[in-house]
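> sequence-free structure coming up:
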């Protein structure tokens, strides 16, 4: 069994609301730390730390251009999160269908 650092865990990476907002902001185009800091109203060093967590989790790529670094989302690496959540979608869908059936039977 291989050891996975907490920094490489996509679940940990998306647990923070600021990191989720950053991913949302980078979904349509690449962004700089300065842009993300301005949009979120947090300091650039904080954004850089968040970006490090996202990079280590494999959720973003970085591209250097002069003194600036541009980040973009690697959405494919969120597949493990999507697959895990999908099990619960089935669970809740089945439960809600059963509740709907029960309520329909109560009305008759």
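That came through, no problem. Please read these numbers as outputs of a predicted model, since none were measured by experiment.

> okay, and the residue most central in space within the chain sits in which element?
The centre of the chain sits closest to residue 14, judged by CA atoms, centre = their mean, with a distance of 4.0 Å. Taking DSSP states H and E as the criterion, residue 14 maps to helix 10-15.

> that helix - contacts with which helices or strands?
In this structure, helix 10-15 makes packing contacts with helix 17-26, helix 44-56, helix 79-107, judged by 3 or more CB pairs under 8 Å, 6 or more residues apart in numbering; DSSP states H and E. Every residue, glycine included, has its C-beta placed from N, CA and C.

> can you get me a residue count around residue 84?
11 (other CB atoms under 10 Å).

> contact partners for it?
Contacts for residue 84 were tallied using CB atoms under 8 Å, 6 or more residues apart in numbering; they are residue 11.

> gap between residue 29 and residue 72?
For residue 29, the distance to residue 72 equals 7 Å [CB to CB, to the nearest Å].

> pretty sure residue 33 sits against residue 51.
Yes: applying CB atoms under 8 Å, one finds residue 33 in contact with residue 51, separated by 6.5 Å.

> identify the contacts common to those two.
With CB under 8 Å, 6+ apart, residue 33 and residue 51 have common neighbours residue 71.

> now for residue 29 and residue 72: what residues contact both?
With the criterion set as CB under 8 Å, 6+ apart, the contacts of residue 29 and residue 72 do not overlap.

> who has more neighbours out of those two?
Neighbours were counted for residue 29 and for residue 72 using other CB under 10 Å; residue 72 has more, 15 against 10.

> please report the distance of the more buried one from residue 100.
Shown here: residue 72 relative to residue 100, a distance of 42 Å by CB to CB.

> same deal with residue 65?
Taken as CB to CB, the spacing of residue 65 relative to residue 100 amounts to 54 Å.
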